[in-house]
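S.K.: Give me a model of this one.
(one chain, ligands or ions: 1)
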Amino acid sequence: MSYVDEVYERVVAQNPAQPEFHQAVREVLDSLRPVIERNEERYRKEALLERITTPERAILFRVPWVDDKGQVQVNNGYRVQFNSAIGPYKGGLRLHPSVNLGIIKFLGFEQVFKNSLTGTPIGGGKGGSDFDPKGKSDREVMAFCQSFMTELYRHVGADVDVPAGDIGTGAREIGYLYGQYKRITGLYEGVLTGKGLTYGGSLARTEATGYGLLYITQEMLKANGVELAGKTVAISGAGNVAIYAAQKAEQLGAKVVTVSDSTGWVYDPEGIDIALLKEVKEVKRARLTEYAAARPSAQYHEGRGVFTVKCDVALPCATQNELRIEDAKALVENGCIAVCEGANMPTTQEATEYLMSHGVYFVPGKAANAGGVATSALEMSQNSMRLSWTFDEVDAKLHDIMVNIFKNIDAAAKEYGVPGNYVAGANIAGFLKVATAMEAQGVV
Ligand code: NDP
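M.R.: Numbering: from 1, shown residues only. Got it, this is the predicted structure:
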């Protein structure tokens, strides 16, 4: 049996009931085969793949808090510190009822390669809880965040582990978490990113993942002789990534015709009204039905189906495994030429294979959505230097980083004999830097 297959079997046996983690490991290891085969004897002896697929540390903890009725609630807290070979652990905190250890491990594993691709010195980690901020009062969210940080503070720090936002963790939650960290430790340091602008946050961090997604999409299309301007774009999600992806797509001359949330989706052939979308989602925190009610050109559909519309470019920006085989078939049927992942692993493996084998350019999330964490690394730099860059300075650095990521994944794919396969290119480029650092640091 090949080394890759052996390690995959070991991961499945040692991490039962964690299908998302298995899926992420499978996808990465499969595309690393050309690299592993070139160095198989050495990597085997060093157990490099066994080490890279095992988190350095996984912290599980109880998060008790009191709701508005005086009832004590208990949630599970997680922080998986996956790999610190190239820098302090870095990765978001997800607050969603679906969160479990397997999901956090899949996200932490992906984060290792994504962070490596950014070219900034950050390792990989991820955390979160099955707490659902939806429908909770601000006081309840604060009570949860304070309790969560009362345990987490002993495992994080500006040079140790720097969490950030993710699904369910926005500016409000980061603020409460930061306040509690500062209160317990007495340290005013960059322990979290995604902070508010008045207390160490970076300009353009809010926009970074969505903007970065469009910068790399534009660069990838350009490399293949296609203009983004004038194209029709289907976006899923209506959260942080989706909103700023839509905004940048429009600024670059494309037309965005869809957004979605967990209850339904909107088709707006006139082009999504970004100001209205922001009002509904960022200010009122309401459902997309409100968007459709306020916009005569918009049609609202219950449930799934956002990728059944005719589009040139699809940008899944909601959650994992949302773009399935039936969506991939509809996209190909409708002439879609590119899928670039704003969310983490939004495309199932089957759908990814279908899209790529039908000639659709496909940029995986670990490259395409790396703009968020790259800008978090820029926030860390500003905190360490105790200064703030302007929006345009950060945006220009983000643009350069995304262009470089594309160049690196494109070059790695070509070097290893799979030109145009950006999934392989991203995994190979991300892996090589981490693997080289791990080898240099010995058996740790
Ligand atoms: P948000 O919480 O701001 O938005 C998530 C969006 O996806 C919401 O519209 C939500 O709808 C929808 N959604 C969530 N779960 C489901 C589901 N099961 N089915 C359908 N729709 C769903 O999160 P972000 O925009 O920050 O994150 C989106 C994705 O991007 C995630 O995969 C995240 O890990 C990834 N990402 C985010 C980065 C960032 O900087 N924010 C950086 C890199 C990756 P509803 O409101 O109804 O729940």
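S.K.: what are the ranges of the helices in the stretch 251-400 of the chain?
M.R.: Here the stretch 251-400 of the chain has its helices, by DSSP state H, counting those that start in this stretch, at 274-278, 288-294, 325-333, 349-357, 365-368, 370-385, 391-415.
S.K.: if we compare the ones you listed, which one ends up closest to the ligand?
M.R.: When those are compared by CB to the nearest ligand atom, helix 370-385 sits nearest the ligand, at 3.0 Å. Backbone N, C-alpha and C define where each C-beta goes, glycine included.
S.K.: Dump the C-alpha coordinates for that closest one into CSV.
M.R.: Extracted C-alpha coordinates of helix 370-385, given in CSV (Å, rounded to 0.1, in the frame of the first residue of the first chain):
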residue,chain,number,x,y,z
ALA,A,370,-7.0,33.2,2.3
GLY,A,371,-7.3,37.0,2.1
GLY,A,372,-9.1,37.0,5.4
VAL,A,373,-6.4,35.3,7.4
ALA,A,374,-3.7,37.1,5.4
THR,A,375,-5.2,40.4,6.5
SER,A,376,-5.4,39.1,10.0
ALA,A,377,-1.6,38.5,9.8
LEU,A,378,-1.4,42.2,8.7
GLU,A,379,-3.5,43.1,11.8
MET,A,380,-1.0,41.2,13.9
SER,A,381,1.9,43.1,12.3
GLN,A,382,0.3,46.5,13.0
ASN,A,383,-0.5,45.5,16.6
SER,A,384,3.2,44.5,17.2
MET,A,385,4.4,47.7,15.6
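S.K.: Minimum distance to the ligand, which residue of the stretch 201-350 of the chain gives it?
M.R.: G239 (1.8 Å).
S.K.: Show me which residues of the protein sit near the ligand.
M.R.: Selection of the chain residues close to the ligand by CB under 6 Å from any ligand atom yields 165-168, 209, 237-242, 261-263, 317-319, 322, 342-344, 369, 372.
S.K.: Can you say which of the residues you listed are buried?
M.R.: Neighbour-count burial (16 or more other CB atoms under 10 Å) applied to these gives 165-168, 209, 237-242, 261, 317-319, 322, 342-344, 369, 372.
S.K.: just checking, which of the residues you listed belong to strands?
M.R.: Of the positions in those, not one sits in strands, assigned by DSSP state E.
S.K.: quick one, what contacts the spatially most central residue of the chain?
M.R.: The geometric centre of the chain, computed from its C-alpha atoms, lies nearest to N344 (CA atoms, centre = their mean), at 4.5 Å. Going by CB atoms under 8 Å, 6 or more residues apart in numbering, N344 touches 107, 110, 320, 365-366, 369.
S.K.: any low-confidence regions in the stretch 301-444 of the chain?
M.R.: Counting by pLDDT under 70, the stretch 301-444 of the chain contains no low-confidence range.
S.K.: so which of the contacts of N344 is the most crowded?
M.R.: For the contacts of N344, the largest neighbour count, defined by other CB atoms under 10 Å, is 31 neighbours, found at K366.
S.K.: If we ignore the residues flanking it in sequence, what's nearest it?
M.R.: K114 (3.9 Å; CB to CB, 6 or more residues apart in numbering).
S.K.: Which element, helix or strand, includes that neighbour?
M.R.: Using DSSP states H and E, K114 sits in helix 101-117.
S.K.: Let me know the angle separating that helix from helix 391-415.
M.R.: 90 degrees (axes from the mean of the first three to the mean of the last three CA atoms, to 10 degrees).
S.K.: going forward, begin numbering at 475 instead of 1
M.R.: In the new numbering, first residue 475, that becomes helix 575-591.
S.K.: And the average pLDDT for helix 575-591 is what?
M.R.: Averaging pLDDT along helix 575-591 gives 97.
S.K.: show me the residues around the closest residue to the ligand within the stretch 525-674 of the chain that make contact.
M.R.: Per CB to the nearest ligand atom, I641 is where the stretch 525-674 of the chain lies closest to the ligand, at 4.1 Å. Residues counted as contacts of I641 (CB under 8 Å, 6+ apart) are 568-570, 713, 793.
S.K.: repeat that for 6 Å
M.R.: Residues in contact with I641, defined by CB atoms under 6 Å, 6 or more residues apart in numbering, are 568, 570.
S.K.: can you check T732 too?
M.R.: T732 makes contacts with 708-709, 739, 741, 780, 783, as judged by CB under 6 Å, 6+ apart.
S.K.: Return the distance of stretch 684-696 from the chain's centre.
M.R.: Offset of stretch 684-696 from its chain centre (CA atoms, centre = their mean, to the nearest Å): 15 Å.
S.K.: Buried residues in that stretch, which are they?
M.R.: Within stretch 684-696, the residues scored as buried using 16+ other CB under 10 Å are 684-695.
S.K.: pLDDT on that stretch, on average?
M.R.: pLDDT averaged over stretch 684-696 gives 98.
S.K.: Run the chain-centre distance for stretch 823-838.
M.R.: From the chain centre to the centre of stretch 823-838 is a distance of 19 Å (CA atoms, centre = their mean).
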